[in-house]
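Trainee: below are the sequence and a predicted model for it; my questions follow.
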Amino acid sequence: MEKLKLANATCGEDVRIVLSYIFETLYNCFTKSIANDVLERLKIRTCPYCNRNYTFTVKSSSSAAGKKFTTRPEFDHFYSKSKHPLLALSFYNLVPSCSICNHGKATDDIGVNPYFDGFQSKFGICDKTKNVLLNINKIKRTKSKDDFSVGFVNPSKNEKQNIDGLGLAVLYDKHKDYVMDLIEKSTSYGSLEQNQALSDGFQGLFRTPQEVFDFVWGKYLNEEELENRPLSKLTKDILEQLGIV
């Protein structure tokens with residue numbers, strides 16, 4: 001892909017205009033013909049940019065009323081096809097994403113391409129300035145979502161580009177009610193003794209400690225499973241800060 005970027009950069013303006021037309025036409029044919037098949041094979045369940053929204057692909061499923069319903073994630077061009085027409089159909093330049101990320105990013109450049117790099121910066125419960133992580137004692141004294149903010153811990157330069165370009169800081173701060181739920185649950189189910197009491201109270205329902213954990217905190221919190229459910233990375237990172245995992 002870097003070679004195509006270099007070739008694109010050396011094109012004259014007249015050549016770029018012709019290439020833009022050709023690759024835009026080819027891209028439109030791709031989206032109308034095989035895009036759904038490609039997305040089904042990728043099996044990406046949540047937006048790889050934000051992990052906030054499901055990105056299911058549904059092809060011509062009939063509803064009870066007999067109406068055909070089709071939906072799929074949008075393809076974001078990591079490198080804008082208007083600036084880099086040679087990359088318009090490059091597989092690794094087509095990122096299946098939710099509409100919020102695709103339209104929010106628009107033609108801006110960001111730093112982390114999900115095909116090559118994971119987003120390593122962790123979420124954290126911070127003070128209201130988003131600059132200081134709260135310690136566990138301060139967190140447990142939190143009474144309301146207005147007492148903290150959701151921030152990112154030591155993001156890299158490339159990750160900061162994603163945070164700014166996709167509005168991730170603003171969007172994730174809207175999930176403080178969810179984080180508050182995690183904080184409140186951690187006071188009731190944060191110890192082995194509390195989980196055992198829960199298991200004893202529902203005798204026969206839980207067979208293993210993992211089943212108790214899944215019931216309280218949800219599944220898909222292992223690193224390789226985070227893309228299976230929205231907010232899984234946020235959940236995992238906050239539970240680590242709370243000392244649950």
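Mentor: Happy to help now that I have it.
Trainee: could you use CA atoms for every contact and neighbour count after this?
Mentor: Fine.
Trainee: name the element Thr70 belongs to?
Mentor: Taking DSSP states H and E as the definition, one finds Thr70 inside strand 68-71.
Trainee: adjacent strands (with direction) for that strand?
Mentor: Sheet pairing here is set by DSSP bridges, and for strand 68-71 it gives strand 58-62 (antiparallel).
Trainee: please report how far Tyr49 lies from Phe119.
Mentor: Distance, Tyr49 to Phe119, using C-alpha to C-alpha, to the nearest Å: 9 Å.
Trainee: out of those two, which sits in the busier spot?
Mentor: Using other C-alpha atoms under 10 Å as the criterion, Tyr49 and Phe119 rank with Tyr49 on top: 23 against 17.
Trainee: quick one: contacts for the more buried one?
Mentor: By C-alpha atoms under 8 Å, 6 or more residues apart in numbering, Tyr49 lies in contact with 97, 101, 114, 162, 166.
Trainee: quick one: average confidence on the lengthiest helix in the chain?
Mentor: Secondary structure of the chain read by DSSP state H shows that its longest helix is helix 13-33. For helix 13-33, mean pLDDT is 78.
Trainee: list the contacts of the spatially most central residue of the chain.
Mentor: Closest to where the C-alpha atoms of the chain average out (C-alpha atoms, centre = their mean) is Asn51, at 1.8 Å. Counting by C-alpha under 8 Å, 6+ apart, Asn51 makes contact with 227, 229-233.
Trainee: can we see that at 6 Å?
Mentor: 230-231 (C-alpha atoms under 6 Å, 6 or more residues apart in numbering).
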